[in-house]
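> just coords:
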């Protein structure tokens, strides 16, 4: 099995800083903006983007977390778990402390792939209120969408084969910062 | 052979990792039942049948609400007023309900083994909501959830299970589940209400002295099961005498102990009213835990690796034919 590093720690840091400044550019009134990480790796990414925006503007955006377990579209399917949405992990908490009514919600995730995870996250957010709009920021977009979705803020576009896997590893969850492409065969 | 991992029939069938997963999932549902929109789409399009041959308030209500909060379609059948009244056998009732293709059947029945038979006769995942004096696994899970929430731990917690162990399915499930999670269990009650040989079979301690509850962190009071005591079998001389010797009263508790009861209570018999309503009582918390834990059980059966999800009807029918 071949493994190739697509982004190292340095590149991830610069990519997140760029996403942060794009969010600031798009929303001069940061008061309405909330970052919401999709569990699990979207949450530390959202926190890092918050830190970058605070460094440059002095404004600290609220960060929430959304767990999509109960909103997946593959629960109880005969074909089993759709691993592209991720294994059924231990259920995490959804934390949206600030009211999302009328807010600009920027969902944050590591990899955009089929779009099913994002669909589930949007449904989850709407059960907590009615935001003014929902946008999407991802560290990597690997293509192969199965839903009519696109990201508003993309760290890196990664053309991939369906047989390949993209793994994002973060210091907070995996001890190391890197994005790797894992090929199907050697 | 019934694949016990596809069902929740008895606490003896589940492992510590299953219990951990269910308790953590239940904690995830706390947020759902607190917020404004108290519903998630998880089991949309799935069907849950609640089949109750015995009276029940909290178990049937919480299973029904749990399934609805998960967006499942729910059919609740009570024996009274159904074709059971007309003499339909359990097997015929199950095969009738099975024709509606339920994903999960929750069953309570006065006969030991009814849930096991349901698992054999239907294609659904089966949850035992109480079969005679045998098992009541979701009660055990919600009790574990309640204990952990209040005490912050399970391992090493000392529990005294007090009263009518002989007729109690709750006690049987709790002994198995509590021991699996590292709790230290002592049964306290008159010898006539302690099943013979249970200490040897399970490794619990037995105390024939009401003062033994003093050592426990959790005093778990069982209901006197009058309805399961056959006339002429004098398990206890009288309820009044039982209450005076074994009843859990404020005087018998020390500060810091918590009291649990699976309900429904016989106030003034096994538990004094002032204890039931005191701040030491976790009885209200147990009822609340019942909802999120039953949501977690339904969710878990539909997502359990390797066995969760919709069952292939052809495979199941072939399996039954071969059995």
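Arrived safely, thanks for sending. Everything numeric here is computed off the predicted structure, so don't read it as measured data.

> Find the centremost residue of the chain, please.
Just so you know, I chose chain A. residue A:109 (0.6 Å; Cα atoms, centre = their mean).

> Can you look at chain B instead?
When Cα atoms, centre = their mean is applied to chain B, the residue found nearest the centroid is residue B:139 (2.6 Å).

> OK, contacts around the residue nearest to the centre of chain A?
By Cβ atoms under 8 Å, 6 or more residues apart in numbering or on different chains, the contact list for residue A:109 reads A:37-38, A:41-42, A:45, A:117-118, A:121, A:136-139. No exception for glycine: its C-beta is placed from N, CA and C like everyone else's.

> ok so it is a strand residue?
Yes: per DSSP: H, G, I helix; E, B strand; the rest coil, residue A:109 lies within a strand segment.

> What are the buried residues along the helix ranked longest in chain B?
Using DSSP state H to define each element, chain B has its longest helix at helix B:283-303. Using 16 or more other Cβ atoms under 10 Å in any protein chain shown as the test for burial, helix B:283-303 gives B:283, B:285-303.

> now do stretch B:198-214
B:198, B:204, B:207, B:210, B:212-213.

> any idea how far that stretch is from the chain center?
Mean-position distance between stretch B:198-214 and its chain equals 21 Å (Cα atoms, centre = their mean, to the nearest Å).

> Now do the same for it: mean pLDDT, whole number.
If you average the pLDDT over stretch B:198-214, you get 95.

> Please apply the same query to stretch B:54-65.
pLDDT averaged over stretch B:54-65 gives 94.

> circling back to that earlier point, quick one: residues contacting the residue nearest to the centre of chain B.
Residue B:139 makes contact with B:59, B:130, B:169-170, B:173-174, B:262, according to Cβ under 8 Å, 6+ apart.

> Please apply the same query to residue B:301.
Contact partners of residue B:301, counting by Cβ under 8 Å, 6+ apart, are B:6-8, B:104, B:125, B:127, B:308.

> Distance of it relative to residue A:131?
34 Å (Cβ to Cβ, to the nearest Å).

> Residue B:130 versus residue B:54, what's the distance?
Distance of residue B:54 to residue B:130, computed by Cβ to Cβ: 7 Å.

> what's the closest non-adjacent residue to residue A:138?
Using Cβ to Cβ, 6 or more residues apart in numbering or on different chains and skipping the chain neighbours, the partner closest in space to residue A:138 is residue A:112 (4.3 Å).

> residues contacting the one you found?
Residues near residue A:112 by Cβ under 8 Å, 6+ apart: A:118, A:136, A:138, A:140-142, A:145, A:149, A:151, A:154.

> Can you name the next helix or strand after the top helix by length along chain A?
Identified as the longest helix of chain A according to DSSP H is helix A:9-26. Reading on from helix A:9-26 to the C-terminus, the next helix or strand found by DSSP states H and E is strand A:33-38.

> That next one and chain B in contact?
No: Strand A:33-38 lies out of reach of chain B by Cβ under 8 Å from any Cβ of the partner chain, never closer than 14.3 Å.

> What residues sit buried inside whichever helix or strand comes after that strand?
Per DSSP H and E, the first helix or strand lying C-terminal to strand A:33-38 is helix A:42-57. Going by neighbour count (16+ other Cβ under 10 Å), the buried part of helix A:42-57 is A:42-46, A:48-50, A:52-53.

> now stretch B:237-250
Buried positions in stretch B:237-250, judged by neighbour count with 16+ other Cβ under 10 Å: B:242-243, B:246-248.

> closest to residue B:190 among those residues?
residue B:246 (6.6 Å; Cβ to Cβ).

> Quick check, residue B:126 in contact with residue B:9.
Yes: counting by Cβ atoms under 8 Å, residue B:126 does reach residue B:9; the two are 6.7 Å apart.

> what touches both of those two?
Residues touching both residue B:126 and residue B:9 (Cβ under 8 Å, 6+ apart): B:115, B:119.

> out of the two, which sits in the more crowded spot?
Comparing residue B:126 with residue B:9 by other Cβ atoms under 10 Å in any protein chain shown, the one with more neighbours is residue B:126, at 30 against 23.

> for the more buried one, which residues make a bridge with it?
Beta bridges link residue B:126 to residue B:105 when assigned by DSSP bridges.

> Enumerate every residue touching it.
Contacts for residue B:126 (Cβ under 8 Å, 6+ apart) come out as B:7-9, B:104-107, B:115, B:118-119.

> go with 7 Å
Neighbouring residues of residue B:126 by Cβ atoms under 7 Å, 6 or more residues apart in numbering or on different chains: B:7, B:9, B:105, B:107, B:115, B:118-119.

> Would you quantify the distance from residue B:40 to residue A:127?
For residue B:40, the distance to residue A:127 - Cβ to Cβ - is 7 Å.

> Looking at those two, which has the bigger crowd around it?
Neighbour count, other Cβ under 10 Å: between residue B:40 and residue A:127, residue B:40 has more, with 24 against 19.

> ok, that one - contacts?
A:70-71, B:32, B:69-71.

> Okay, and it sits in which element?
Using DSSP H and E, residue B:40 sits within no helix or strand.

> And the contacts of stretch B:214-225?
For stretch B:214-225, the surrounding residues in contact (Cβ under 7 Å, 6+ apart) are B:147, B:151, B:157-165, B:167-168, B:170-171, B:174, B:186, B:213, B:239, B:242, B:248, B:253-254, B:257-262, B:264-266, B:269-271.

> nope, stretch B:174-190 is what I was after
Stretch B:174-190 is contacted from outside by B:11-12, B:16, B:19, B:140-141, B:143-144, B:154-165, B:194, B:198, B:202-207, B:210, B:212-213, B:216, B:220, B:236, B:246, using Cβ under 7 Å, 6+ apart.

> follow-up on the earlier one: tell me which of residue B:54 and residue B:130 has more neighbours.
Each of residue B:54 and residue B:130 has its neighbours counted (other Cβ under 10 Å); residue B:130 has more, 26 against 20.

> Name the SS class of the more buried one, please.
What three-state DSSP gives for residue B:130 is strand.

> Show me where chain B has its helices.
Residue ranges of the helices in chain B, as given by DSSP H, are B:16-34, B:58-69, B:90-98, B:114-121, B:137-151, B:169-180, B:198-202, B:239-246, B:273-276, B:283-303, B:313-322.

> what is the orientation angle of the fifth one with helix B:169-180?
What that stands for is helix B:137-151. Relative orientation of helix B:137-151 and helix B:169-180, computed by axes from the mean of the first three to the mean of the last three Cα atoms, to 10 degrees: 50 degrees.

> Can you tell me how far residue B:284 is from chain A?
23 Å (Cβ to the nearest Cβ, to the nearest Å).

> can you check residue B:260 too?
Computed as Cβ to the nearest Cβ, the residue B:260 to chain A distance reads 25 Å.

> and that residue, what are its bridge partners?
Under the criterion used (DSSP bridges), residue B:260 bridges to residue B:220.

> Quick check: pLDDT value at the residue nearest to residue B:69 when sequence neighbours are not counted.
The shortest distance from residue B:69 to any non-neighbouring residue, by Cβ to Cβ, 6+ apart, is to residue B:39 (5.4 Å). We have a pLDDT of 92 for residue B:39.

> pretty sure residue B:39 is in contact with residue B:67, am I right?
No: applying Cβ atoms under 7 Å, one finds residue B:39 not in contact with residue B:67, separated by 11.0 Å.

> Comparing the two, which residue is more hemmed in?
Higher neighbour count among residue B:39 and residue B:67: residue B:67, with 26 against 15, using other Cβ under 10 Å.
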